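[1] Give me coordinates for this.
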Amino acid sequence: MLPKTLEELDKVRDECKSMVTRRATASGAAAAVPVPAADVAADVGLLLELIPAINKKFGLTDEQIESLDMNTKAIIYSITKKVGTELIGRAITKKLVTAVLRKIGIRVAAKSVVKFVPIIGQVAAAGISFAAMKKVGNAHVDDCYEIVKKYLESNKETD
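    Numbers count the residues shown, from 1 in each chain. Prediction:
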């Protein structure tokens, strides 16, 4: 269900940002383990859980949007298109998450290389992984927030 007020929306954003930080911490921990590709697999798994969880909190899963009336659905899809995100109102797949990770590919490649330097490399890989996951997660939270905020503003104008 879409948040109905700006206060409710702010609360959802804060909850989601906390969720992102927890997942970013898990990503950093996985990156510290010196096993090739284990961190990338962990990141994909974390994002496959995180993105839908964020969408659900904001009322923007594909099922939630489909249950809206036609007018509201049209407004949400229009705003989503303007924001330019592909992670809202769609089933989140491994392919879609991999595309998101490719956008931050330099960081992913860097953490894969540095993790083989004993101790310092593992710490650096954990830091890179934490920062990359936090960036992706918070960017998605910000996109969801912007979409719902614009919807609330457009709804206010029609009242």
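[2] so is Met19 in a helix, a strand, or just coil?
    With DSSP: H, G, I helix; E, B strand; the rest coil as the basis, Met19 sits in helix.
[3] okay, now the closest residue to it other than its chain neighbours: neighbour count?
    Excluding the flanking residues, the one nearest Met19 by C-beta to C-beta, 6 or more residues apart in numbering is Ala53, at 6.4 Å. Quick note: C-beta positions are derived from backbone N, CA and C, even for glycine. Using other C-beta atoms under 10 Å, Ala53 is surrounded by 17 other residues.
[4] Quickly find the element holding Ala53.
    Using DSSP states H and E, Ala53 maps to helix 38-58.
[5] show me what contacts the closest residue to Ala26 other than its chain neighbours?
    Distances taken as C-beta to C-beta, 6+ apart put Leu46 closest to Ala26, at 6.1 Å, once the chain neighbours are dropped. Shown in contact with Leu46 (C-beta atoms under 8 Å, 6 or more residues apart in numbering): 23, 26-27, 133.
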